[in-house]
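Participant: whatever this is, show me its structure:
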Amino acid sequence: MKTLQILTILITIFLISCEAPDPNATQTGENELESLELERDLVKADKKFEDIIYVPIYSDIYVDKVNQNSLLVATLSIRNTSLTDSLFVSKIDYYNTQGDLVRSYLDRPIALSGMATVNYVIEKDDTAGGSGANFIINLSSDHDLKPLIQAIMIGENGNKGFSFSTDGYSIK
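Facilitator: Next comes the predicted model:
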């Protein structure tokens, strides 16, 4: 009977630890988007600025002649460059090299107040995207804005570290 109880506890602990981490969680476990989330009614269809942004992401790159690849950490950064106006983000979808949707980061739209930034990290061991991964982001605003959308990739090969960035491009 005691063995059955111990086995039940171990299985319960295992199942609890298998839960996928929240991509919007901070290091303290809080949802950083909680204060940014909007009701869908607040994101009206008649916006002065609407755009769809494509951002290339590299989960790994080839580093030598034998095509040995090096895994990378990638950070998607969405920055509202307006001092006063809000930027509404209604979709952040992550696609792999084959063009398949890997994950969606938003359940509902978020608002970035003036000069605010939101970041999403693709961890080094997350190889679901591959070397040709990308994000598709839907943005809008009541005012004409020019947000800055970039990705920063960081990696290492032996004793050498490297980093590079990519810019988001409008595909609307």
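
Participant: ignoring the adjacent residues along the chain, who's closest to the residue most central in space within the chain?
Facilitator: Per C-alpha atoms, centre = their mean, the C-alpha nearest to the average position across the chain is that of Tyr120, at 3.4 Å. Nearest non-adjacent residue to Tyr120, counting by C-beta to C-beta, 6 or more residues apart in numbering: Leu76, 4.4 Å away. For every residue, glycine as well, the C-beta is placed using N, CA and C.

Participant: and the one you found, what are its bridge partners?
Facilitator: Tyr120, Ala151 (DSSP bridges).

Participant: that one and Ile53, how far apart?
Facilitator: 10 Å (C-beta to C-beta, to the nearest Å).

Participant: and if you look at Tyr95?
Facilitator: According to C-beta to C-beta, Tyr95 stands 13 Å off from Ile53.

Participant: joint contacts of the two?
Facilitator: Here Tyr95 and Ile53 have Phe135, Ile136 as joint contacts, going by C-beta atoms under 8 Å, 6 or more residues apart in numbering.

Participant: what segments of the chain are strands?
Facilitator: 49-56, 60-62, 69-79, 87-95, 101-104, 110-112, 117-122, 134-141, 148-157, 160-167, 169-170 (DSSP state E).

Participant: taking strand 148-157 as reference, get the angle to the first one.
Facilitator: Going back to what we said before, that points to strand 49-56. Strand 49-56 and strand 148-157 are oriented at 10 degrees to each other (axes from the mean of the first three to the mean of the last three C-alpha atoms, to 10 degrees).

Participant: ok, strand 49-56: who's next to it in the sheet?
Facilitator: The strands beside strand 49-56 in its sheet (DSSP bridges) come out as strand 134-141 (antiparallel), strand 169-170 (antiparallel).

Participant: let me know the average pLDDT across the longest one.
Facilitator: Mean pLDDT, computed over strand 134-141, is 97.

Participant: tell me the gap between it and the middle of its chain.
Facilitator: Distance of strand 134-141 from its chain centroid, counting by C-alpha atoms, centre = their mean, to the nearest Å, is 11 Å.

Participant: buried set for that strand?
Facilitator: For strand 134-141, the neighbour count (16 or more other C-beta atoms under 10 Å) marks Asn134, Phe135, Ile136, Ile137, Asn138, Leu139, Ser140, Ser141 as buried.

Participant: give me the common contacts of Leu76 and Ile53.
Facilitator: Common neighbours of Leu76 and Ile53 (criterion: C-beta under 8 Å, 6+ apart): Phe135, Ile149.
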